[in-house]
Structure formats: C-alpha cells, structure tokens
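[1] Okay, here's the prediction I keep looking at, along with the sequence it came from:
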Amino acid sequence: MWKRMAICLLGLCATAALAQEMTATDIIRKAMDHYRGLTSYSEMTMTIHRADWERSMTIQAWTEGEKRTLVRVVEPKKDAGNGTLSVDGNMWTYTPKINRVIKIPSSMMSQSWMGSDFSNKDVSKDTNIIDQYDHSLLEQYEKDGHQVYVIQSIPHEDAAVVWGKEILWVRDDWVLLEQQFWDQDGALMKTLKTLEIAPLGGRSVAVRMRMANQDKPEEWTELHTLVADFDVELPANSFTLSNLRNPRE
Amino acid sequence: MTLPLATLSTLAWRNLWRNHRRTLIMLIAIAIGVWAMIFTAALSRGMTEQMVRNGLQTLPGEVQVHHRDYRRDPSVANSMAPPAGALLEALDQPPVKAWAARVRVPAVISSERGSRSVTLLGVDPAAEQALGSLPETIIEGRSLDLADDTGIVIGASLARRLETGLGKRVVIMSQDPDNDVAERGVRVVGLYRARLQGDEDRFVYAGRSLVQEMLGIGDAVSEIALTADDYRGVEGWYPQIAAAAGPELEVLPWTELDTFLGSILAVQDGFTLVFMVVVFLALSFGLVNTLVMAVFERVREIGLMQALGMRPGLILGQVMLESLYLLCLGLLLGNLLAVATIMPLESGIDISRVAQGMEMMGMSTILYPALHRFDMLMSTAVVIILGLLASIAPAWRASRLDPVTALNRD
C-alpha cells in the first residue's frame, strides 16, 4: 500500500518536474524541430478547395534547419517543375515555362502561395514563431494517452506579424495538433488543423493538415504528406538558386 | 478748322445719353460681360492655385534634392547621405525658409485582413512641421513626436481599407539596399485625414530613424525638400541650392518635379485670355449694333455737321469717343461688380456636392476664387482694344456719308 502510494507520488513529481523543465518556448521549438528535423525530405499532395472548384498538386519539399526550404511541384504536368526556394526569409520562385528565377518582392510576401490558403510568408517564415513571439502555457490536458499542451503565443511589439495572437495545441510527442491565428480584436481568423496523424519516417507525423479561413468555410487547403524522411543527407548546394533552376537528383 | 477736343467729347457724351435706355442696356451688357470675364478668371485661378498648393504640399516643397538616380528608380539603394557642408549651409540661410530630409520608399502595409502598397515616409516631425508637409488633421490619436517615434500615422481611408485602427499593430515591409525583405511590426498611433482621399491611401508616416533602422541604411535619406515660400519665383533662387549640392545630387524645382503642375500656371494665362475674347465676341455684336443704330438715327444731323464744315475725321472720332465712353463706363461697372462679388467669396465656396470629380483633378472640395489685378487689367485691355476695333466700321460709315444725300433723307 505505502509502496504503491510512493510510486504514485514519484510519478506525479516526475510529471511536474517535466512540465517545469519544459517552458512554452521549448515546446514550440520541439514541435518545429519535430516536423522539420535537422534536415527533411517529404512528398505531399496539396489540395486547394474552393466553393466551385478544387485542384490538387503533388509537391516535394526539402528543409534544412529553420531557415532553408525548397519546394518543387511534381504534378500536375502543367505545373511540374515550378519551384520555390526560401533562404533566411527571402524567397525566389522558378517557372520552367518562362525559364526565369524571380525573387518575390516584399510587396508580394503576404500574397497567396501557388493559389493556396498559405501566404508566401507562411511558407518562407514558418519558424519565425519561435523567436518573434512570447509563449505561455495556457493549459495542459491528457487525450488518447498523450499530454497536450495549449500554448498562447503573442508576437513581440516589433515583430513583422499581423496577428494579435496564435494558439497552438502540441502533443507530447511534438506533433502540432492545431494552430489558430487570431486578430487583434480577439476574433479567430485562420486555423491550421491536423486531421490525421500517422507514423512516417520513424516518427509520428501530422500527415493531413488543413488551413481554413474562418470567414469562408468553403475555402481551405489541405496538405497530405505521403512520404517523409528526417535527418537525411542533403547535398551542400540544395538551397541555391542554381539548384532551384536545374534540379539535380 | 479744328474743333477742340473738349467740344468733341461733350458732343459724344451728350449723344450717348440721348437714347439713355439703349445706352443703359448696353452698359449693363458690357458690365455683365466684364464681370463674367473676371469672375471666371478668378474662379479658375483659384482652382489652379489650389492645385499648385496642394501639389506642393504633397510633393512636398518647392525644390527637392535627390540622389541622381532616385527619380528614375525610387528605391532605397538610391539614397544619399544627410546634407552636410556647403549644402547644409545653403539650406540654413535665406531664401530657404524650411527644409526637411526624409526617407521615402515604396512599401507594403498589412493588417490581419489586407495589405496595400503605400509610400512610406520616414520623417523628422519638427522639420516637416516647418515645411507644412505633415497631414494637417489628425482625427484620432496623435501625430508623430520625434524622429525616433516608434509608431506610425496612417490615413483614415487606408485604415478603413485594411480594417485596422488606432492602437492596432500592422506590419510594414519594404526592401533594403541588398533587395532583401526589410520588415517590422509597428503600432498605429494616429489616423489622419487629407484633403484628397488618394493621399490618405498612399502616404504612411513613420519616424525617420525607425525607417532608417528597418532598412539598414544608417542615417541616409532619400529626399530633401525645401521651401522659400515663393513658388512662382523658384527659377530665380533654386540654382544656388543646386550649386551648393554639387554634381552628385539632383536638384529640381517643382515645375520639373511635377511637370503637370508646372505647366498649369502657363496654361492658365492662355486659357483666361481665350475665354475673355470669346465672351467679348458675344458682346461685340451688341456694341456694334448700338453704334450702328446711333449713327443711323443721326444721318441728317451728321449731314448737317458735314455741311457746316465738320471734317470726316472728327465725325469718326466722335463716334469712336462715344464707343470709348460706353466701354469705359461698362468696364468700371463690371470691375466694381466683380470686386464686390469675389471679395466676400474669397474665404471659399463649398462645392463638396461635386467633390469626387474635383478630387480626380487633384483639387479640394472648397473653391477659393482668387482676384488678380492682372486678370482685371487683361479684361480691360481686351474690351477696350477689341471694342474700339469693332466700332471702327460704324464710325467709318458715319464719316463717309455724303452731306447732300444725308440732308435730304427723311
């Protein structure tokens, strides 16, 4: 009896200690690291849904660290080869049809990326959230045998972020369950929600995520991850303009 | 024999008032015509002056100094060091009354619900105040305090379009000299109202050091604007600034910075003259008719005077004098009428009911008629010269009458 109580107590202490050690910032960082890894390679289908049409494309994506991303369209055929390279917050696109690399000017950073509900900024700066926000743990609960952390992130005064706050749900295996974007009046604007989690590339991955606009329920973009490999060996020139233009396998 | 001029003028004056009803009608016609000329000239001059002033306020300044390539490519790469040495000296002494160095770059401003491209102005509020180039009316919040203010002031209309407001954070984005994205979040500390809605949408004001820091350009500026409160005489004084600025910088007066604005003043004078001539052409029919009738009624009398030895030249002179009297009286009346009607209106005529059309022309919704001595002189000259030309024909006819036939007319 005493023994059992002691074990229970020990367990409680351990959980409390874990929560104390992990600050909200750490949790966010873990979540970002989890889905990007040191390096990563993934293949996904992006489905853009509108009230009267829908289209899908298959894309490949490579990431390295927090600041480098390369995305290339594989299908459909008419878009194949379109690429986006983002390094340190700057972004370039390559379109094989016109054989030109174009730098996305700052004026277009907040515009839609390939017609989806993600903006160019979402694609090029998705890890900005770690340093440019103040994070606080709102609550923590258990669901399906996992701890879930709810974290509120408020952008710094001079952060280049329009949102009033973001709220993130992160599971204790660092899968991002949901990310909400709130305006400064306290109204929900956009939600990135994980619809399906599956083991992929040796870890649990949010394989189906949907970005939806609160005002337009008929419009959303879904990312369905088919293949994911983490901490893969990437050639040194992966994130260069020449690689964007001339893919080397 | 020569009839003294005094007698001739008395004759002409009395003849004029023999049919006073006709003369009065003609007088009124001339007076109204002259009034219309001056009034329209004053209105359109008021409009153009307003346009020029508005233009100079948004330009701003009467003269601007830029990097040589800035006007071709207004990017941050073409900025210049703040004024120093000879240029600074020239700026700080007469005729320059006020000057301000500013950063002016194309930028994008975004809120949660929208983004728009704007012109971002990094200003030093104290200097701009002297130049009169800051928005006059802050309708909510405050204006910028110092050059290192961390807030921004945007137009009320822009705030509406972005669905943002006072106290909200927005993101401004531009490009640094290496073409990389330069951006930061700033809080809206004030909303302004401009006379033109287009300006409200276009100009975003921020502290100069905030913009310089965001763009990473040290203390460089893109534009120096200066004024001497003498926009008409700018050609006279701007070369000395240009000389002080040296060949590396481009110094241009407003007439060249905004050629549309510059040509307005020249077009204005031509337009006024054409309008006056057109009004007078309508008037001249009445004038000629009056004189022809006066001559026609007095055929026998003229015949008698000729028979008594009056020379044709004097008869011609007499009719011309009559016409001159009529014109002068009409001009006097018309000018008085114009002064009397324009003076009270100089504080402004509200035409906001047709405001949108006016805004497209870069004008504001209140019209300030401007009475210029030049316009009054020009209308007087037009009326006298053309009036006398028009009276030559009837006068000539009178002087060429044959005394015998004239006397025998019944």
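    It's in. Numbers count the residues shown, from 1 in each chain, chains lettered A, B, ... in the order given.
[2] Excluding chain neighbours, what is closest to residue 68?
    Went with chain A since none was named. Using CB to CB, 6 or more residues apart in numbering or on different chains and skipping the chain neighbours, the partner closest in space to A:R68 is A:F239 (4.3 Å). (Each C-beta comes from the backbone N, C-alpha and C, glycine too.)
[3] The intended chain is chain B.
    B:E250 (5.1 Å).
[4] Then B:T255?
    B:T255's closest residue in space is B:G262 (CB to CB, 6+ apart), at 3.2 Å.
[5] Check B:V96 too.
    Closest to B:V96 by CB to CB, 6+ apart is B:L226, at 5.1 Å.
[6] That neighbour contacts B:P95, doesn't it?
    No - under the criterion of CB atoms under 8 Å, B:L226 makes no contact with B:P95, lying 9.6 Å away.
[7] More neighbours: these two, which one.
    B:L226 (24 against 18; other CB atoms under 10 Å in any protein chain shown).
[8] Could you measure from the more buried one over to chain A?
    30 Å (CB to the nearest CB, to the nearest Å).
[9] Confirm that that residue sits in a strand.
    Yes - with DSSP: H, G, I helix; E, B strand; the rest coil as the criterion, B:L226 is located in a strand.
[10] what pLDDT does it get?
    pLDDT for B:L226: 85.
[11] for A:W2, same thing?
    52.
[12] again with B:M361
    B:M361 is given a pLDDT of 57.
[13] now do the one 3 residues further on
    In this prediction, B:S364 carries a pLDDT score of 60.
[14] for chain A, what are the nearby residues on chain B?
    B:106-108, B:110-113, B:115, B:117, B:150, B:164, B:168-171, B:173-175, B:179-187 (CB under 8 Å from any CB of the partner chain).
[15] C-alpha coordinates for the helix or strand hosting B:L210, PDB please?
    Secondary structure from DSSP states H and E places B:L210 in helix B:208-215. What follows is helix B:208-215, C-alpha atoms only, in PDB (Å, rounded to 0.1, in the frame of the first residue of the first chain):
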ATOM      1  CA  ARG B 208      12.800  58.700 -39.700                       C
ATOM      2  CA  SER B 209      15.100  56.700 -37.500                       C
ATOM      3  CA  LEU B 210      12.600  53.900 -37.300                       C
ATOM      4  CA  VAL B 211      12.600  53.600 -41.100                       C
ATOM      5  CA  GLN B 212      16.300  54.000 -41.400                       C
ATOM      6  CA  GLU B 213      16.900  51.200 -38.900                       C
ATOM      7  CA  MET B 214      14.400  48.900 -40.600                       C
ATOM      8  CA  LEU B 215      16.000  49.500 -44.000                       C
END
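[16] Show me what counts as buried in that helix.
    Buried positions in helix B:208-215, judged by neighbour count with 16 or more other CB atoms under 10 Å in any protein chain shown: B:R208, B:S209, B:L210, B:V211, B:Q212, B:E213, B:M214, B:L215.
[17] and the gap between the first one and chain A?
    It stands for B:R208. Counting by CB to the nearest CB, the gap from B:R208 to chain A is 16 Å.
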